[in-house]
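Asks: here is my input; please provide its structure:
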Amino acid sequence: MNYNLLEEKWLPVLWKNGNFRHESVIEVLNHAGEIRCINLANPLDYFAVHRFLLTLLYWKAGLAGGVEKTRELLLRGKNIPVAVLTGIKEATPCFDLFNEESPFLQDSDVKRKDPKSAGSLFAECATGTNIAHFHHGDDENMRLCLNCAVLGMLRVVPWSQAGGAGLTPSVHNAPPIMVVATGDNLAITLGLNLVPLEVRTGEAKWSGHFQSTDPTKPIPYLEALTWNPRCIYLPSPQPGACWYCGQTAVDTVGKIIYNKNEKTKLLKKGNKSIPFSWHDPSAFYPDKEYTTVRSYSEADAKDNKDLTLLLEKDAGKKKQERPKSLVVERNMDHQGWLLVVPCTNPANNKTFDHRQLELNNLSPETIRALIPAQEEQSRRQGLDGWKQPKQFYSQGIKQLVLSAEKLLTQTDWGAIANAAFKAMHEAPAAFDVFSGLYWGLRDKEINGLPSRNAAWLVLKLMAAVPTQARLIHAKANFSPLQSLPKRQINERGRTSIYPVSLPGGPRLEAALRDVLDNNMHKRYPEPVDWIGLCSGLDQLLD
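Replies: Here you go, the predicted structure:
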């Protein structure tokens, strides 16, 4: 099977004339000045593809006079220099996805390890213990077409995060907030982000088991831009349907090898992990150290509060300057930016959100305009799903319950007990008992009788308890209705602010029976207020 990233038409682009097509990397680089943009909706994919194209340019820019000269040509809207393109084309064998000896971004030495879900390549995919996801999947049967598998593999370098079983993150640690300067065409966009880097060039490593030349020293930029914290191997493709894009009857890969790379472990100082000496040009850094700015609070991410991390902070008597990004510093007056904001929970290293923001500029005023104004913190009151009925006992309700206790025999109660969860027309024997009692009271013209539905349910509940528990106590105050929730219960077993409706039909009967049953199993069961229960049901049901 042959599939080469430089030659296959896997890259979706929007041309300046409005046409949308999948093109090869060589075609895209050759016509960068005629292409409007990379056309990918997912911000992680969008950034990963841009980073891959930029890495190719960093790799071969020396053939056209260096990074700065290549950048200047691109900023003038010119196409990629011919020398750079030629150098990339000559390295085509490096990008073969199924090369037997050196497959792209893979380690053929791990091909016999235990496979994992192909969805491991995507943070938003449910795999293994990754429960923070946006799509329900099946680890055993999930498959990816080759185009989507490429997108997932390109994510590995910039977007890998730490995880269980020793999985290590990208060279810049957990996924940070990244920035992309955008231009009128792809050539200008690439030029804006192709900024000179003040570290050694190093060597790009496109395949095999990745290992840093010296992780204790500043990381060379080609090494950092191809830093692979995973040992991956793709099996031979088979026809199938792709989970990610939905295509059917295409070549796909199923379970893949996706292992940790012991050679990319973070450095340690005592018991503390320390970051590698590397400044990603698109990331933000609050100082000259190597810790990036990253979003980690789901509560802040949902309404852009996490963007305060990009603003100046008060730090005691002096202010802490805004975090800096090399791409931003080299394009200070540029108009047109894209912020890519992944949000990762540091407690379990799960990504639960990623979004992109298109901005005209990155001034403090623009950032603050995206952040909601601070409100006075007040306790949220929430809302009950239903209201507790009033304590009002009519003469008719009292008379019905008292008459049932005094007049019904054990045989009558047995017939009613057999009507559990049944409507009146479904239980003829119980209905005969009920109608004799209920219509007998109506014939006496007793005012304030409960509705038939309320009376029917109360009698079935009275029949569900032992004889002693049916007795009427003057001081009884236990009502099963008081135990039914009016609000949802959160994962910690506490009442939340969100309402829950009163159950209906058999669900209400089941809930009330559970409450009565729990009361009967107490060492000293509380006397049930049957009259109050009948009154409450009369108000709630009709």
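Asks: for Cys231, give the beta-bridge partners.
Replies: Following DSSP bridges, Cys231 is listed with bridge partners Asn259.
Asks: which other residues reach stretch 301-312?
Replies: Stretch 301-312 has contacts (CB atoms under 8 Å, 6 or more residues apart in numbering) with 177, 284, 293-297, 299-300, 319-323, 339, 341, 343, 353, 355, 357, 362, 364, 367-368, 370-372. In short, each C-beta sits where N, CA and C put it, glycine included.
Asks: ok, now with 10 Å
Replies: Applying CB atoms under 10 Å, 6 or more residues apart in numbering, the external contacts of stretch 301-312 come out as 176-177, 179, 284, 286, 293-300, 319-323, 325, 328, 339, 341-344, 352-355, 357, 362, 364, 366-372, 374.
Asks: from Tyr58, how far out is the closest residue to Tyr221 other than its chain neighbours?
Replies: Take Tyr221 and drop its neighbours on the chain: the residue closest to it by CB to CB, 6 or more residues apart in numbering is Leu197, 4.5 Å away. Using CB to CB, to the nearest Å, Leu197 is found at 8 Å from Tyr58.
Asks: neighbour-wise, which of those two wins?
Replies: Tyr58 (22 against 19; other CB atoms under 10 Å).
Asks: that one belongs to a helix?
Replies: Yes. Judged by DSSP: H, G, I helix; E, B strand; the rest coil, Tyr58 forms part of a helix.
Asks: so it makes contact with Glu223?
Replies: No. Counting by CB atoms under 10 Å, Glu223 is not a contact partner of Tyr58; they are 11.1 Å apart.
Asks: quick check: Val458 vs Gln410, distance?
Replies: 18 Å.
Asks: between the two, which one's more packed in?
Replies: Counted by other CB under 10 Å, Val458 and Gln410 do not tie: Val458 has more neighbours, with 24 against 8.
Asks: quick check: that one is in a helix.
Replies: Yes. Under three-state DSSP, Val458 falls within a helix.
Asks: how much space between it and Leu63?
Replies: For Val458, the distance to Leu63 equals 89 Å [CB to CB].
Asks: likewise for Asp114?
Replies: 42 Å.
Asks: how long is stretch 151-168 end to end?
Replies: One end of stretch 151-168 to the other measures 20 Å (CA to CA, to the nearest Å).
Asks: next, the buried residues of that stretch.
Replies: 151-163, 167-168 (16 or more other CB atoms under 10 Å).
Asks: could you do stretch 451-466 as well?
Replies: Those would be Ala454, Ala455, Trp456, Leu457, Val458, Leu459, Lys460, Leu461, Met462, Ala463, Ala464, Val465, for stretch 451-466 by 16+ other CB under 10 Å.
Asks: quick one: mean pLDDT for it?
Replies: The average of the pLDDT scores along stretch 451-466 is 94.
Asks: off-centre distance for it?
Replies: 46 Å (CA atoms, centre = their mean, to the nearest Å).
Asks: shift numbering so it begins at 42
Replies: I'll keep to 42 as the first residue from here, and by that count the last item is stretch 492-507.
Asks: show me the strands in the stretch 42-191 of the chain, by range?
Replies: Assigned by DSSP state E, counting those that start in this stretch, the strands in the stretch 42-191 of the chain fall at 52-56, 61-64, 76-79, 185-186.
Asks: from the contact counts, what lies against the last one?
Replies: I take that to be strand 185-186. Secondary-structure packing of strand 185-186 (3 or more CB pairs under 10 Å, 6 or more residues apart in numbering; DSSP states H and E): helix 187-200, strand 291-294.
Asks: again, only this time at 7 Å
Replies: strand 291-294 (3 or more CB pairs under 7 Å, 6 or more residues apart in numbering; DSSP states H and E).
Asks: repeat for the first one
Replies: Contact analysis of strand 52-56 by 3+ CB pairs under 7 Å, 6+ apart lists strand 61-64, helix 66-71, strand 76-79 as its packing neighbours.
Asks: please apply the same query to the third one.
Replies: With contacts defined as 3+ CB pairs under 7 Å, 6+ apart, the secondary structure elements packing on strand 76-79 are strand 52-56, helix 84-101, helix 227-234.
Asks: which other residues reach it?
Replies: Here strand 76-79 makes contact (CB atoms under 7 Å, 6 or more residues apart in numbering) with Val54, Leu55, Trp56, Lys57, Val69, Tyr87, Val90, His91, Asn226, Leu227, Thr230.
Asks: near the fourth one, how many other residues are there?
Replies: Just to be clear, that refers to Lys57. Lys57 has 14 nearby residues by other CB under 10 Å.
Asks: between Leu238 and Tyr99, what contacts are shared?
Replies: Common neighbours of Leu238 and Tyr99 (CB under 7 Å, 6+ apart) are Tyr262.
Asks: with that, I have no additional questions.
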